[in-house]
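A.B. asks: Here is a sequence together with a model predicted from it:
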2 protein chains.
Amino acid sequence: MKFSEIVESLSPDLLRVEEAIDENFRSDVVLIPDVSGHLSGSGGKRIRPMLLLLSSRACGYAGPRMITHSVIVEYIHTATLLHDDVVDGAEVRRGNPSANSKWGNEASVLVGDFLFSRSFSMMAKDGSAEILRTMSDACTLLSEGEVLQLVNMFNTRITEEEYLDVIYRKTAALIASSCRVGALLGEASPSVVEAMHQFGVQVGYAFQLVDDALDYMGEEGRTGKEVGKDLREGNITMPLLRICTLATPAEFERLNQVIVNSNAVAPEDFSDVLELMEKYEAIPYTLDRARSYVEAAKSALSILPDSTHVDSLRAIADYIVERDY
Amino acid sequence: MKFSEIVESLSPDLLRVEEAIDENFRSDVVLIPDVSGHLSGSGGKRIRPMLLLLSSRACGYAGPRMITHSVIVEYIHTATLLHDDVVDGAEVRRGNPSANSKWGNEASVLVGDFLFSRSFSMMAKDGSAEILRTMSDACTLLSEGEVLQLVNMFNTRITEEEYLDVIYRKTAALIASSCRVGALLGEASPSVVEAMHQFGVQVGYAFQLVDDALDYMGEEGRTGKEVGKDLREGNITMPLLRICTLATPAEFERLNQVIVNSNAVAPEDFSDVLELMEKYEAIPYTLDRARSYVEAAKSALSILPDSTHVDSLRAIADYIVERDY
């Protein structure tokens, strides 16, 4: 099954999600709909809502609450993007000017807070204590992951284990919670809830690792992202971490030099980094790691009865390593 | 009853709150305890926890949940201070370097997010759907209030009604929720819950108006705040709004000139503003408004049976307009 086919099959659900996204960030306060709408209308892939919808359907629930909770995960994700862009000083997001470059850091911080708060208001209204626990714990992990990423900037000695912990909190926890919430909506048994959660964790790892690889592979026009953004922001992601680990002392010194001055990476610096990635096969290594996570994700699903929804979940996992943006 | 006597009588509760504040922002992620501890240890007045504790005791509950929820309101308040200081580019908070000037805007944004998330995790664990609704709605209002304040920067034509709406969302909503949560913990009747909420709303208005006045009255050493900070940040608060409303066309033009260039207010500009405030009695007007809110707050309490806790709530309301920092 192709990704476009999954999107197609989910399109009635996704349409309702889009409507509810627009509906719920309405506020009588100007700026809030503008900033929220700017990001939400700028072509996110809606991976988290898709996983939530499919997890819910795979566990036998297809009612209105899956729309509400899809909106909630997307709001939380959008809030973190708004805050991320402030933290990173990003000027571009998905090929468009970032909200902070358009309305200022102030608006991005505050509208992010609004989306967080609105998400919790929506959850409180929904009334499931277990979903609330799941999502608030995910948000705590998420903010810890962001702080961890911040304190590890320029840290060329970060280990793979430490980096995977950053990814777990920063990316995998929210994706896992999206899947878990779907299972909870379907009132699945504890073992199925746990399996869906595990599926999400593994998909989350894979998703971030592929993002890491794409950052050194993409062309700006295609991904809507600047190439080498992670390096310029001083973020040591898997491909860079890999070459830092394998580099000779001289290479390591050169890498440190580039990374410490990463706010002004010259083209020749960037080529040197890419050359080392080539030499140590850092990109294939990163993608291979992602593929193992995808396999683990798919086997977590074996506990569920076969259905087109479970097939779609598997296909999304595959898509994650095959995508080129 | 003096404020110091109330603090004294609440000191066993407040001690437990302080311990729980330190306990709950523990994280294995470095920086989080540092940034959280910096602000929480820098001498906040703990008005919100005090109101929650007294509301709870006044409604007959004195168990451990009032400690938990006191921590939660203080965390949410602290998170907004962290984000506020980023938005305002503040360098000083309570006489100490602000967290953003010490650790950077990035850390302040992310640790604020952590405290928000942790608060909701604690609420989810506590399990009261009604408290969650109360607090998440308060947070939504709060973020709307902050955005409203942002979009009204330099707006010398803001009306008193519009400004009071900003205050309601930005300050009164969270204070009202602190009181409401206390009443909910005491399983008070709906009319008592509503009365406690109203008490908090009125106290919240008064609290902010007094803050507004103090900003033009204080000496830096005493308040720990810079004098005229609101003006320099382009925030039109009640005293400034008042003179904008009453000014002659020539005075209004002069005010606009100062406010538009408020990032560089010269001493003579500031004296001109203070002179107009003197002429139009803007500070006494602001404090009078605050006093009316305090009276309204106290009469909302008449529904409750007399007790030392209710007396303390009245005394806190009085203290709010009498304080000089």
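C.D. replies: That came through, no problem.
A.B. asks: need the contact list for the residue of the stretch 151-300 of chain A found nearest chain B.
C.D. replies: Here the stretch 151-300 of chain A gets closest to chain B at one residue, residue A:151, 5.4 Å apart by Cβ to the nearest Cβ. The way it works is simple: take the backbone N, C-alpha and C, and place the C-beta from them, glycine included. Residue A:151 makes contacts with B:29, B:30, B:31, as judged by Cβ atoms under 8 Å, 6 or more residues apart in numbering or on different chains.
A.B. asks: redo that, cut-off 10 Å
C.D. replies: A:166, B:29, B:30, B:31, B:32, B:106, B:107, B:110 (Cβ atoms under 10 Å, 6 or more residues apart in numbering or on different chains).
A.B. asks: Report the contact partners of the fourth one.
C.D. replies: Read that as residue B:31. By Cβ under 10 Å, 6+ apart, the contact set of residue B:31 is A:144, A:147, A:148, A:150, A:151, B:103, B:106, B:107, B:110, B:111, B:114.
A.B. asks: where do the strands sit along chain A?
C.D. replies: In chain A, the segments counted as strands under DSSP state E are A:92-93, A:96-97.
A.B. asks: Could you tell me the least trusted of these?
C.D. replies: Of all the strands of chain A, the minimum mean pLDDT falls on strand A:92-93 (a mean of 74).
A.B. asks: do that strand and chain B meet at all?
C.D. replies: No. For strand A:92-93 and chain B, the contact criterion (Cβ under 10 Å from any Cβ of the partner chain) is not met; the two come no nearer than 16.1 Å.
A.B. asks: so where is the stretch 151-300 of chain A shaky, pLDDT-wise?
C.D. replies: Applying pLDDT under 70 to the stretch 151-300 of chain A flags the ranges A:218-226.
A.B. asks: now with 90?
C.D. replies: A:218-229, A:233, A:260-267 (pLDDT under 90).
A.B. asks: before we move on, back to that, turn the strands of chain A into CSV, columns for mean neighbour count.
C.D. replies: Converted to CSV, the strands of chain A look like this (neighbours: other Cβ atoms under 10 Å in any protein chain shown):
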stretch, mean neighbour count
strand A:92-93, 20
strand A:96-97, 14
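A.B. asks: how about JSON lines for those strands, with distance to residue B:81 added?
C.D. replies: Compiled in JSON lines, the strands of chain A are given as follows (distance: least, Cβ to Cβ, whole Å):
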{"stretch": "strand A:92-93", "distance to residue B:81": "27"}
{"stretch": "strand A:96-97", "distance to residue B:81": "29"}
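A.B. asks: residues contacting residue A:80?
C.D. replies: Neighbouring residues of residue A:80 by Cβ under 10 Å, 6+ apart: A:87, A:112, A:115-116, A:139, A:142-143, A:145-146, A:170-171, A:174, B:110, B:113.
A.B. asks: do that again at 7 Å, thanks
C.D. replies: By Cβ atoms under 7 Å, 6 or more residues apart in numbering or on different chains, the contact list for residue A:80 reads residue A:142.
A.B. asks: For residue A:61, see how far away residue A:23 is.
C.D. replies: Distance of residue A:23 to residue A:61, computed by Cβ to Cβ, to the nearest Å: 21 Å.
A.B. asks: How about the contacts made by the spatially most central residue of chain A?
C.D. replies: Nearest residue to the geometric centre of chain A (Cα atoms, centre = their mean): residue A:171, 4.9 Å. Applying Cβ under 7 Å, 6+ apart, we find residue A:171 in contact with A:204, A:207, A:208.
A.B. asks: Return the residues in contact with residue A:301.
C.D. replies: Residue A:301 sits next to A:195, A:199, A:310, A:313, A:314 when contact means Cβ under 7 Å, 6+ apart.
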